[in-house]
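>>> Kindly generate the corresponding structure for this input.
(one chain, ligands or ions: 7)
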Amino acid sequence: MAFNNSTVAAGSGDSIALSRQSKAVSGCMDRCEHGSPIGLSDKVTLVLLPPLAALLFSPSGTTWAQVTTEHPFIEPQDIRSETCLTCHPDKKEGKFVHSAVTLGCERCHHAASENGTTTITPVAAGGELCAMCHKAKNDPVLHGPYKNGQCMICHDAHMSNFRRQARAEANTLCLSCHGVNQPDVKIDEDAQVVSMLGGRTVSFADYRQAPKIGLDRGGTRGHPVTGHPVAGKDPRQKGTTLSCLSCHVPHSSAIPKLLPHDAKSETGLCAECHKQGE
Ligand code: HEC
Ligand code: HEC
Ligand code: HEC
Ligand code: HEC
Ligand code: HEC
Ligand code: HEC
Ligand code: HEC
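Numbering: from 1, shown residues only. Ligands and ions are numbered 1, 2, ... in the order given. As a prediction, the model looks like this:
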């Protein structure tokens, strides 16, 4: 199964498709005249991953790979991760750095310098980019944003201070779509877009499709049954906290409502923390 990234291309998923073309900031007249063809110079170590070709010829509309990007000029021989990091050091800083970043920027960004212009394009769009290394799950129950390849709503592609490069603590992450009156969620009904999690955008239609759960004012109790805590201590294991992820998985499951596979059923889940009759 492949992630459907049509929503991303339409602008309702991650905001990665917007860029402009412009001239290089620094000139290089002589080098530009005999600039080497993209990817063929032995000094340029670019790894073109197979999906690139597929995407360039993809009939499915706009992909990131087709858009040219404004970028300061980099000499062709300097196109490598170490150079990238001199200007973008933040991509490798943070408590949790994605292993793919350690493998090299070129795994996801195709950089080429030609005619005095450096263009940086993604090697694949939306969820297809992640699917190059993370096989899409094919369980009976697939979470909407996972199925749509909107990985970057919940994850930072580079690094984060939250585990699994998540953009926030679990409850903040989930309540952005499933809670009401979240302070950092801005609904723009005129533009039909909702922004959340540090500027990620989803279409109003996607947002509305996410079922809302009712919690008390503090946002810590009230689901899945009246008065039930969604924060505090998880009784199953000492030192762990109760959160949406105590009872749900974020991507896919064999059973409805994204309950964990091993819970087998809703009552099986309750029994993990509540002995019978308790
Ligand atoms: C000389 C400094 C410099 C170097 C070297 C550099 N960048 Fe950039 N990069 C910038 C600036 C400035 C911007 C535009 C401002 C911004 O978005 O941060 C930018 C923007 C970007 C963007 C966003 C593009 C857009 O406008 O949508 C990407 C992706 C990127 N750089 C990747 C890379 C990669 C990959 C490398 C290594 C091949 C690299 N950069 C090397 C300075 C640099
Ligand atoms: C696993 C894939 C992946 C790798 C590896 C990767 N990037 Fe990115 N990068 C992305 C994606 C996807 C975006 C689009 C922004 C978004 O939606 O988060 C992006 C955006 C950017 C941007 C512009 C937007 C921003 O977040 O500032 C810069 C700059 C950038 N990357 C630099 C780098 C550099 C430098 C490296 C190597 C040290 C690197 N990236 C490695 C996937 C990757
Ligand atoms: C070039 C290959 C590659 C690409 C592309 C890639 N990843 Fe990864 N990713 C890895 C590797 C390698 C690991 C570490 C392997 C492991 O721990 O199982 C990893 C681990 C992760 C983890 C777990 C981190 C942790 O702390 O355990 C997350 C989350 C993740 N990737 C998300 C993404 C997302 C989202 C994308 C798309 C933007 C993506 N990856 C694209 C190679 C990649
Ligand atoms: C709704 C938010 C959300 C979306 C959308 C999402 N993830 Fe995740 N992902 C998470 C959370 C939360 C975790 C950590 C789960 C845990 O620790 O129990 C995670 C964990 C991971 C991991 C670590 C290994 C694992 O499976 O636990 C990888 C890899 C990963 N995600 C990749 C992806 C990719 C690729 C996509 C898009 C196709 C994606 N994620 C979409 C929230 C999300
Ligand atoms: C103690 C376990 C537990 C915790 C913690 C929990 N859930 Fe649930 N959740 C369930 C169960 C069981 C169901 C299925 C029964 C139901 O729909 O009420 C469910 C259903 C849902 C549904 C589907 C509702 C519908 O109308 O289809 C959503 C959305 C949801 N949970 C989100 C969350 C979020 C967000 C959090 C964290 C703030 C969370 N859950 C925490 C057990 C839990
Ligand atoms: C970007 C918005 C978004 C975020 C963030 C998000 N969800 Fe969802 N979620 C949806 C949408 C849309 C649906 C309805 C489509 C579907 O069934 O997947 C949904 C459905 C669900 C359901 C019901 C699934 C069913 O079988 O009926 C549960 C449970 C759920 N989400 C839990 C979570 C949890 C836990 C998190 C945090 C890890 C989370 N969601 C984060 C958009 C989101
Ligand atoms: C991950 C652990 C966990 C799971 C799974 C879980 N609970 Fe709980 N439940 C708790 C904790 C912790 C409390 C609070 C106990 C306390 O206050 O002493 C609680 C309290 C309750 C209460 C009392 C609420 C109140 O008003 O005080 C009920 C009823 C309840 N759970 C039912 C359920 C049902 C039904 C399920 C299955 C759908 C379930 N629980 C699944 C951890 C869990």
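
>>> Please count neighbours and contacts with C-alpha atoms only from this point.
Will do.

>>> all helices of the protein, in order?
Ranges of helices in the chain, per DSSP state H, are 6-9, 29-33, 51-56, 81-87, 99-103, 126-131, 144-147, 151-154, 170-178, 204-209, 266-273.

>>> Could you work out which of these reaches nearest to ligand 7?
helix 266-273 (3.3 Å; CA to the nearest ligand atom).

>>> in the closest one, what's buried?
Leu269 (16 or more other CA atoms under 10 Å).

>>> is any part of it close to ligand 6?
No - contact of helix 266-273 with ligand 6 (CA under 6 Å from any ligand atom) is absent, the minimum separation being 11.7 Å.

>>> got it, and stretch 165-184?
Yes - using CA under 6 Å from any ligand atom, stretch 165-184 reaches ligand 6 at Ala170, Leu173, Cys174, Ser176, Cys177.

>>> Same check on stretch 225-233?
No - Stretch 225-233 is not in contact with ligand 6 by CA under 6 Å from any ligand atom; minimum separation 10.9 Å.

>>> measure that stretch end to end?
17 Å (CA to CA, to the nearest Å).

>>> Just the residues contacting it, thanks.
Thr220, Arg221, Gly222, His223, Gly239, Thr240, Thr241, Leu242, Ser243, Cys244 (CA atoms under 8 Å, 6 or more residues apart in numbering).

>>> Please enumerate the strands of this protein.
Listed in chain order, the strands of the chain (DSSP state E) span 96-97, 109-114, 117-122, 141-142, 159-160, 186-188, 193-196, 200-203, 252-253.

>>> for the second one, what is the average pLDDT?
Per-residue confidence for strand 109-114 averages out to 95 on the pLDDT scale.

>>> Adjacent strands (with direction) for it?
Here strand 109-114 has these sheet partners by DSSP bridges: strand 117-122 (antiparallel).

>>> Which pLDDT value does the model give the closest residue to Cys174 other than its chain neighbours?
Distances taken as CA to CA, 6 or more residues apart in numbering place Cys244 nearest to Cys174, at 7.3 Å, with adjacent residues excluded. Per-residue pLDDT puts Cys244 at 98.

>>> so who does Cys244 touch?
Ala170, Asn171, Cys174, Val230.

>>> which of those residues has the most neighbours?
Val230 (22 neighbours; other CA atoms under 10 Å).

>>> circling back: would you format the strands of the chain as JSON lines with distance to ligand 4 included?
Shown next, in JSON lines, are those (distance: least, CA to the nearest ligand atom, whole Å):
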{"stretch": "strand 96-97", "distance to ligand 4": "12"}
{"stretch": "strand 109-114", "distance to ligand 4": "17"}
{"stretch": "strand 117-122", "distance to ligand 4": "15"}
{"stretch": "strand 141-142", "distance to ligand 4": "10"}
{"stretch": "strand 159-160", "distance to ligand 4": "12"}
{"stretch": "strand 186-188", "distance to ligand 4": "18"}
{"stretch": "strand 193-196", "distance to ligand 4": "12"}
{"stretch": "strand 200-203", "distance to ligand 4": "11"}
{"stretch": "strand 252-253", "distance to ligand 4": "9"}
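
>>> Export the helices of the chain to JSON lines and append columns for mean pLDDT and distance to Glu114.
Listed next are the helices of the chain as JSON lines, based on pLDDT from 0 to 100; distance: least, CA to CA, whole Å:
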{"stretch": "helix 6-9", "mean pLDDT": "35", "distance to Glu114": "27"}
{"stretch": "helix 29-33", "mean pLDDT": "31", "distance to Glu114": "6"}
{"stretch": "helix 51-56", "mean pLDDT": "36", "distance to Glu114": "19"}
{"stretch": "helix 81-87", "mean pLDDT": "96", "distance to Glu114": "17"}
{"stretch": "helix 99-103", "mean pLDDT": "96", "distance to Glu114": "25"}
{"stretch": "helix 126-131", "mean pLDDT": "94", "distance to Glu114": "25"}
{"stretch": "helix 144-147", "mean pLDDT": "97", "distance to Glu114": "37"}
{"stretch": "helix 151-154", "mean pLDDT": "97", "distance to Glu114": "30"}
{"stretch": "helix 170-178", "mean pLDDT": "97", "distance to Glu114": "41"}
{"stretch": "helix 204-209", "mean pLDDT": "96", "distance to Glu114": "40"}
{"stretch": "helix 266-273", "mean pLDDT": "94", "distance to Glu114": "58"}
